[in-house]
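# Sequence and predicted model, in that order:
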Amino acid sequence: MTHETLPTEVEKVLVRLCQGIGSDMSKKVLNLLKHGRWDDLSSLKVNPLAYDDAEIYFGDVAVTSFLRKCADLPTKIDRKAVAEKSFFECEALCKRTNQRLNVHLWDTLATEQLAHESSGPRSACILLIAEARKEMFKLLGKCPDGLKGRFGPGSTYADKGLLTTVPDKMSSRPTMTSDFWPHLFNWVGTQWSKDCCESGRFPVVVAGNRFTTVPKDCTKDRGIAVEPSLNSYFQLAYGRAIRKRLRHAGVNLRDGQTIHRQVAREASITGAFATIDLSNASDTVSKVLVELLLPHDWHTVLSELRSPTTLIGGNVVTLEKFSSMGNGYTFELETAIFLAIALAVRNLWRYRNPDIQRVSPGNGIWVYGDDIIVPTFLAEDVLGALKYLGFKPNEDKTFISGDFRESCGGDYFKGVDVRPFFLKEYPSEPQHYIAMANGIRRMGRSNDLSNPRRSYLHRAWLCVLDSIPAHIRRLRGPQSLGDLLIHDSPEFWTTTRQRSHLRYFRVYRPIRFKRIAWEHWKPGVVLATALYGTGDGAKGITPRDAVIGHGLGWVPVSEATSLWLPD
């Protein structure tokens with residue numbers, strides 16, 4: 001969907017915000033909006049370190065960020081080309097990193113004692129890698145074997161479009177890389193394998209993964225790699241295994257985003273911690289770095305499961321990175337690597353300062369993917385270590401001083417929530433406007449909407465509500481119900497009581513595609529799916545992204561916990 005101008009409703013809301021804020025930046029946004037200069041509008045940014053007042057900063061970032069992630073904004077940028085260019089830039093960076101780190105493959109352990117007894121940049125790098133390797137051993141332990149694989153929700157190399165349910169994936173011919181073969185012994189014990197063999201659908205070997213893109217914002221797409229089905233099946237299993245090991249070490253990935261936001265808020269007040277973000281983190285984890293840091297058994301297994309090449313633009317590229325975004329263990333692996341690096345820096349710092357208070361995972365050091373939080377006194381050294389090991393800190397999202405901190409979608413200025421709202425797509429239906437209204441309302445969560453300094457939010461919120469049909473506009477309720485209804489104060493909630501401990505809310509909810517009956521697939525696939533543990537009993541399978549419309553309905557909420565209880 002492309003427009004040369006903004007939809008009238010969207011333009012009204014942005015104009016209302018800009019007029020309410022009245023700053024020089026908001027006037028600039030209005031001017032660019034008036035003349036349709038979308039490329040200039042998408043590139044507008046504000047630096048929080050240039051402000052000393054949270055509300056003034058919030059006003060400027062609210063108007064400059066409103067359309068930044070809107071994939072429908074008609075910029076002249078070829079977003080797919082930007083993603084492809086980023087792919088090759090990351091590969092070039094990984095190649096340089098591999099060349100730089102390759103010397104350490106033989107000398108890290110052999111010269112560790114010499115490094116302790118000498119000084120200079122080379123010895124410091126040897127020590128850093130040796131300490132990170134020790135920490136990785138502590139985090140991961142012995143690599144498990146015989147893990148039960150699992151399916152992800154998305155596409156695989158041969159399973160595209162909507163045909164990505166578990167029985168769909170079990171019905172197609174499995175794909176694998178040539179190095180995957182040791183894991184065939186684990187796969188052949190599954191009913192999936194038995195059905196494939198009986199049907200003559202033997203695994204086909206492919207060179208690696210294939211590159212594709214998904215929308216990210218109005219300036220670029222996000223590049224991802226779609227993995228072969230058998231590789232992905234066991235990648236996810238080992239990703240889960242790494243997650244469990246990290247949990248035992250004090251890294252809570254399940255609640256990681258919430259924890260990071262809490263720490264970032266406190267750090268914006270005290271300055272005790274720095275928040276670090278990396279550019280293209282998963283695409284810059286080089287092969288040699290993983291070989292240096294991982295225990296041998298883990299490196300062997302993960303290497304067998306990775307894709308060594310990527311099909312992009314009709315060409316097969318041999319990868320310098322270890323794993324791509326889209327690999328089933330990439331997120332957990334990069335979390336472990338960045339945690340090990342931060343802990344290694346901590347160890348080296350303690351060698352020089354033995355009396356320093358000990359910090360540990362979950363107690364001074366937090367890592368969630370490439371979102372890293374460390375004590376401020378360690379920040380410069382951690383950044384230096386990351387740069388040497390091949391990573392590029394995102395200067396726009398890394399904060400080691402000042403009153404601002406950002407991590408895992410939480411932006412805080414002296415403890416004040418200053419996270420803006422990002423419109424992801426042009427609204428066209430009531431559910432889109434509900435999400436837009438709720439996003440604007442959430443911007444007022446640090447200060448009530450009646451706060452004079454954020455009164456413009458309330459006016460913009462009312463402007464959005466004007467675009468929602470009256471019978472849907474009356475659906476009000478708590479934030480815990482998400483975008484099924486409009487968030488509002490309790491006195492405006494639309495509810496009815498059915499039982500003493502439940503309150504039912506009138507909502508505008510998705511109507512999903514009817515379940516696909518089991519008769520759609522062959523009996524062997526149905527049996528394999530049932531043994532895997534997927535399906536809605538005798539009713540069949542609900543496809544992914546199977547929303548065919550929206551309609552009115554009721555949902556229960558527990559009054560004791562304020563949690564939505566799904567049907």
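Yep, it's here. Small disclaimer: the values here were computed from a predicted structure and weren't measured.

# tell me the contacts of the residue nearest the centre of the chain?
Residue closest to the average C-alpha location in the chain (C-alpha atoms, centre = their mean): residue 369, at 7.9 Å. Residues in contact with residue 369 (C-beta atoms under 8 Å, 6 or more residues apart in numbering) are 281-282, 331, 334-335. Every C-beta, even on glycine, is put in place using the N, C-alpha and C of the backbone.

# how does it look with 6 Å?
Contacts for residue 369 (C-beta atoms under 6 Å, 6 or more residues apart in numbering) come out as 331, 335.

# need the helices for the stretch 451-567 of the chain, in chain order.
Taking DSSP state H, counting those that start in this stretch, the helices of the stretch 451-567 of the chain run over residues 455-465, 470-473, 523-532.

# As TSV, those helices with mean pLDDT would be great.
Below are those laid out as TSV (pLDDT from 0 to 100):
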stretch	mean pLDDT
helix 455-465	91
helix 470-473	95
helix 523-532	90
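
# Tell me which of the ones you listed lies nearest to residue 125.
For residue 125, the closest of those is helix 523-532, at 46.2 Å, according to C-beta to C-beta.

# Any stretches of this protein with poor pLDDT?
Within the chain, the segments meeting pLDDT under 70 span 1-4, 107-122, 162, 354-357, 445-452, 497-500, 535-538, 545-546, 560-567.

# and it, what are its domains?
8-66+420-465, 73-147+239-419, 470-558 (automatic domain parsing).

# and the second one, how far from the chain's centre?
Taking C-alpha atoms, centre = their mean, to the nearest Å, one finds the center of domain 73-147+239-419 at 15 Å from the center of the full chain.

# Ok, stretch 236-252 next?
Centre to centre, stretch against its chain (C-alpha atoms, centre = their mean), the figure for stretch 236-252 is 17 Å.

# Same check on stretch 178-187?
In terms of C-alpha atoms, centre = their mean, the centre of stretch 178-187 is set 29 Å apart from its chain centre.

# Check which residues of it are buried.
Buried residues in stretch 178-187, counted by 16 or more other C-beta atoms under 10 Å: 179-180, 183, 186-187.

# just stretch 221-229 next, same as before
Here stretch 221-229 shows 221, 223-229 as buried, counting by 16+ other C-beta under 10 Å.

# Just send those residues back as a markdown table, with distance to residue 514 too.
Putting these into a markdown table (distance: C-beta to C-beta, whole Å) gives the following:
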| residue | distance to residue 514 |
| --- | --- |
| 221 | 33 |
| 223 | 35 |
| 224 | 30 |
| 225 | 33 |
| 226 | 28 |
| 227 | 30 |
| 228 | 31 |
| 229 | 26 |
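
# Can you pick out the most distant pair from those residues?
Farthest apart among the buried residues of stretch 221-229 by C-beta to C-beta are 221 and 229. That separation is 23.9 Å.

# ok, residue 374 touching residue 342?
Yes: contact criterion C-beta atoms under 6 Å: residue 374 and residue 342 qualify, at 5.4 Å.

# Do a quick rundown of the strands in the stretch 401-550 of the chain.
Taking DSSP state E, counting those that start in this stretch, the strands of the stretch 401-550 of the chain run over residues 404-407, 410-413, 416-417, 476-477, 486-487, 495-499, 502-512, 547-558.

# again with the stretch 101-250 of the chain
Secondary structure of the stretch 101-250 of the chain by DSSP E, counting those that start in this stretch: the strands cover 175-176, 204-205, 209-215, 221-226.

# Which one of the ones you listed lies nearest to residue 82?
When the strands of the stretch 101-250 of the chain are ranked by proximity to residue 82 (C-beta to C-beta), strand 221-226 comes first, at 6.8 Å.
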